[in-house]
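**Student:** Quick one, structure for this:
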Amino acid sequence: MIDPPALLPFQGDWAAYEDAVYEAFLASFVRAEVRFREVRVKAQYRPETRGKGYSFWHVISEAPHPGNRNEEDRIPDFNRCARIRWIAWAIEQASNGTEEGFSWWENRRGRETRVVIWAELWDFAVILSKRRDYYLLKTAYCDLKPHRRRSFEKERKEFLKL
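**Tutor:** Got it, this is the predicted structure:
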């Protein structure tokens, strides 16, 4: 079993931490040119927020409530920030298809086909959106709530029946 990358702990200075987390995201995901099942996974940059890319904010923060689509209102989640390097790790492990504790499946959200990558033993998930010739990183979750785990289990079971 392959352990996840080390956490990136918060040291008390948000501005410095935000920059460190962003640099870790760029190094481990963007510059690393991550692939899922041999297809490139990209991050969306625009619209940028405070000089950092759109995908970055969606993997480290949450909307204050479900109906709020204003990027400036998103609230950083320190657990998600600490696990920023886990995104590429989870994608690569699921892509290999041989590691225990990793699964993936497709689902539909509106007109989009999405791929859910679940590192179940670590309570971590990555969501990709399937495009014609690449995947787009949508978000990542950690510390999954029971209802999300149940939803994942149901979706995965339905997908694997196909």
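
**Student:** Checking A20 next. Helix, strand or coil?
**Tutor:** helix (DSSP: H, G, I helix; E, B strand; the rest coil).

**Student:** Tell me the confidence at it?
**Tutor:** Listed pLDDT for A20 reads 97.

**Student:** ok, now I91?
**Tutor:** The model's pLDDT for I91 equals 96.

**Student:** Equivalent analysis for V41, please.
**Tutor:** pLDDT at V41 comes out at 98.

**Student:** Need the three-state assignment for it.
**Tutor:** strand.

**Student:** ok, and what's touching the top helix by length along the chain?
**Tutor:** In the chain, taking DSSP state H as the definition, the longest helix is helix 146-161. For helix 146-161, contacts defined as C-beta atoms under 8 Å, 6 or more residues apart in numbering pick out 103, 105-107, 116, 118, 125, 141, 144. Bear in mind the C-beta positions are built from the backbone N, C-alpha and C, glycine included.

**Student:** average pLDDT across it?
**Tutor:** Mean predicted lDDT for helix 146-161 stands at 92.

**Student:** Go through the contacts of helix 146-161 and single out the one with the most neighbours.
**Tutor:** W118 (26 neighbours; other C-beta atoms under 10 Å).

**Student:** right, and the secondary structure at that residue would be what?
**Tutor:** Classified using three-state DSSP, W118 is strand.

**Student:** in the sheet, who's paired with the most centrally placed residue in the chain?
**Tutor:** Nearest to the geometric centre of the chain sits A140, at 2.6 Å (C-alpha atoms, centre = their mean). Beta-bridge partners of A140, counted by DSSP bridges, are V126.

**Student:** Can you say which two of the contacts of helix 146-161 are spatially most distant?
**Tutor:** E106 and L144 (18.7 Å; C-beta to C-beta).

**Student:** May I see the contacts of helix 146-161 arranged in a markdown table, with distance to A82 as well?
**Tutor:** As requested, the contacts of helix 146-161 are arranged in a markdown table below (distance: C-beta to C-beta, whole Å):
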| residue | distance to A82 |
| --- | --- |
| S103 | 23 |
| W105 | 26 |
| E106 | 28 |
| N107 | 27 |
| V116 | 21 |
| W118 | 19 |
| A125 | 15 |
| Y141 | 13 |
| L144 | 15 |
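
**Student:** Pick out whichever of those residues sits closest to H65.
**Tutor:** Y141 (16.8 Å).
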